[in-house]
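K.L.:
turn this into a structure:
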Amino acid sequence: MRSPAGVSLLGGVVVAAALGWWAWSSTPEAVVLLPAPGEHASALAAASLQGTVPDGAASLRGLNPLPGAGSGGLAYGALRRLFDYYLSTVGELPVEAIAQQIRSELDKTLAPEQAEAAKRLLFRYMDFKRELFALEQQFAKQAAGPHSLRQRFEGMQALRSRFFNAEEEHAMFGLEDAADLDALARLEIANNPALDATQKKAQLAAVDAAMPPALRADREVPRALIHLEDKTRTLRAQGGSEDDVYRLRAQALDASAAARLAEVDREELAWKGRIDRYVAERTQVLKTLADAPESERAAALARLQQDQFSELERKRLVAYEP
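P.N.:
From the prediction side, this is the model:
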């Protein structure tokens with residue numbers, strides 16, 4: 001039962017990396033936003049990022065010092081997350097505008113020498129993405145299967161070695177590579193006709209035992225969070241206060257994570273209140289205009305939505321309407 005997951009994991013990592021956002025290569029620049037005359041490219045904001053914070057930005061002052069970056073160093077993994085956070089908006093914004101947003105974020109977050117080193121890494125990363133897109137176009141013509149997936153993986157690794165040194169590559173892609181290799185091993189075992197069920201089970205157990213600690217810990221995170229939220233619900237059901245909830249989360253995670261979860265709770269509570277008010281007012285509008293033409297009711301509901309919600313929020317309302 002794990003072989004489909006293996007295809008999804010490896011295929012998702014490789015294909016999404018190349019096609020998921022770098023499909024800008026076939027997107028006409030005429031259909032994306034461009035800065036107005038005199039407007040800085042970084043002033044453009046992608047709608048899909050509204051209400052979010054840049055991934056990796058808080059972790060940039062970390063380990064893995066960049067060559068020539070001086071004291072303080074940078075975290076390559078955090079940089080990649082930051083790059084991908086903004087590059088996920090290709091199609092909404094032109095590539096150069098996105099690159100300028102990243103450069104501006106680096107200038108705000110890092111010391112000047114570090115920022116310049118990070119910008120050089122960004123330049124190489126974007127070149128790598130362009131080459132990866134072309135590579136994926138070649139592999140897309142091959143039949144799917146364990147052999148072609150391993151060829152894809154090895155081709156991607158060979159390509160990366162042209163753009164990054166071993167330290168950079170390990171920090172930026174190490175966990176992803178471990179997940180892909182784990183998925184490939186499981187897929188190859190599951191599809192090996194020379195193995196019987198007992199042999200496959202034994203080899204899969206060996207793969208489990210050989211799983212790198214970082215990958216094992218990464219896969220335990222969702223379970224740990226689910227368990228923590230179960231404990232949180234139980235604590236609240238028993239009359240625990242929000243301070244009690246904060247302490248529980250801080251003990252299981254850390255203070256900053258507990259604070260972020262508390263903020264999410266407040267946002268969800270505020271959203272629920274807005275939805276409850278909207279549903280009540282919507283019901284009243286439909287009752288008041290029960291005998292009115294359909295066009296009048298639709299116009300009234302549209303005004304109600306526009307008065308209370310942004311364009312992105314309005315797309316979610318259908319899930320809450322009776």
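K.L.:
in which helix or strand would I find the residue nearest the centre of the chain?
P.N.:
Centroid-nearest residue in the chain: residue 85, 6.9 Å away (criterion: Cα atoms, centre = their mean). Taking DSSP states H and E as the criterion, residue 85 maps to helix 76-87.
K.L.:
find me the pLDDT at the residue nearest to the centre of the chain, would you?
P.N.:
Note for residue 85: predicted pLDDT of 89.
K.L.:
sorry, back to before: the helix holding residue 85 packs against which elements?
P.N.:
Helix 76-87 sits against helix 95-109, helix 112-139, helix 166-190, with contacts defined as 3 or more Cβ pairs under 8 Å, 6 or more residues apart in numbering; DSSP states H and E. No exception for glycine: its C-beta is placed from N, CA and C like everyone else's.
K.L.:
including distance to residue 78, mean pLDDT and mean neighbour count, could the ones you listed go into JSON lines?
P.N.:
Formatted as JSON lines, the helices and strands packed on helix 76-87 follow (distance: least, Cβ to Cβ, whole Å; pLDDT from 0 to 100; neighbours: other Cβ atoms under 10 Å):
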{"stretch": "helix 95-109", "distance to residue 78": "10", "mean pLDDT": "91", "mean neighbour count": "19"}
{"stretch": "helix 112-139", "distance to residue 78": "10", "mean pLDDT": "91", "mean neighbour count": "17"}
{"stretch": "helix 166-190", "distance to residue 78": "9", "mean pLDDT": "92", "mean neighbour count": "19"}
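K.L.:
closest to residue 321 out of those helices?
P.N.:
helix 95-109 (35.0 Å; Cβ to Cβ).
K.L.:
what about the longest helix in this protein?
P.N.:
In terms of residue count, the longest helix belonging to the chain (DSSP state H) is helix 255-288.
K.L.:
rewinding a little: tilt between the helix holding residue 85 and helix 95-109?
P.N.:
140 degrees (axes from the mean of the first three to the mean of the last three Cα atoms, to 10 degrees).
K.L.:
please parse this protein into its domains.
P.N.:
For the chain, automatic domain parsing gives the domain ranges 3-209, 212-253, 261-322.
K.L.:
just name the most buried of these.
P.N.:
Burial of the domains of the chain is given as mean neighbour count (mean count of other Cβ atoms under 10 Å); domain 3-209 ranks first at a mean of 16.
K.L.:
span of stretch 107-114 from start to end?
P.N.:
9 Å (Cα to Cα, to the nearest Å).
K.L.:
ugh, typo on my part, it should be stretch 104-116
P.N.:
End-to-end distance for stretch 104-116, by Cα to Cα: 11 Å.
K.L.:
that one: how far from the chain's middle?
P.N.:
23 Å (Cα atoms, centre = their mean, to the nearest Å).
K.L.:
then stretch 108-117?
P.N.:
24 Å.
K.L.:
output stretch 249-269 as PDB, restricted to C-alpha atoms.
P.N.:
The C-alpha coordinates for stretch 249-269 follow below in PDB (Å, rounded to 0.1, in the frame of the first residue of the first chain):
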ATOM      1  CA  ARG A 249       1.900  24.200  24.100                       C
ATOM      2  CA  ALA A 250       5.100  25.900  25.200                       C
ATOM      3  CA  GLN A 251       6.100  22.800  27.100                       C
ATOM      4  CA  ALA A 252       5.500  20.600  24.100                       C
ATOM      5  CA  LEU A 253       7.000  23.000  21.500                       C
ATOM      6  CA  ASP A 254       8.500  26.300  22.600                       C
ATOM      7  CA  ALA A 255       7.300  29.800  23.700                       C
ATOM      8  CA  SER A 256       7.400  31.300  20.200                       C
ATOM      9  CA  ALA A 257       5.400  28.400  18.700                       C
ATOM     10  CA  ALA A 258       2.900  28.600  21.500                       C
ATOM     11  CA  ALA A 259       2.500  32.300  20.800                       C
ATOM     12  CA  ARG A 260       1.900  31.600  17.100                       C
ATOM     13  CA  LEU A 261      -0.700  29.000  17.900                       C
ATOM     14  CA  ALA A 262      -2.400  31.400  20.300                       C
ATOM     15  CA  GLU A 263      -2.500  34.000  17.500                       C
ATOM     16  CA  VAL A 264      -4.000  31.400  15.100                       C
ATOM     17  CA  ASP A 265      -6.700  30.600  17.800                       C
ATOM     18  CA  ARG A 266      -7.600  34.300  18.000                       C
ATOM     19  CA  GLU A 267      -7.800  34.600  14.200                       C
ATOM     20  CA  GLU A 268     -10.000  31.500  13.900                       C
ATOM     21  CA  LEU A 269     -12.200  32.800  16.700                       C
END
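K.L.:
identify the residues contacting that stretch?
P.N.:
224, 228, 231-232, 242, 245-247 (Cβ atoms under 8 Å, 6 or more residues apart in numbering).
K.L.:
ok, which pair from those is furthest apart?
P.N.:
Taking Cβ to Cβ, no two of the contacts of stretch 249-269 sit farther apart than 224 and 242, at 21.1 Å.
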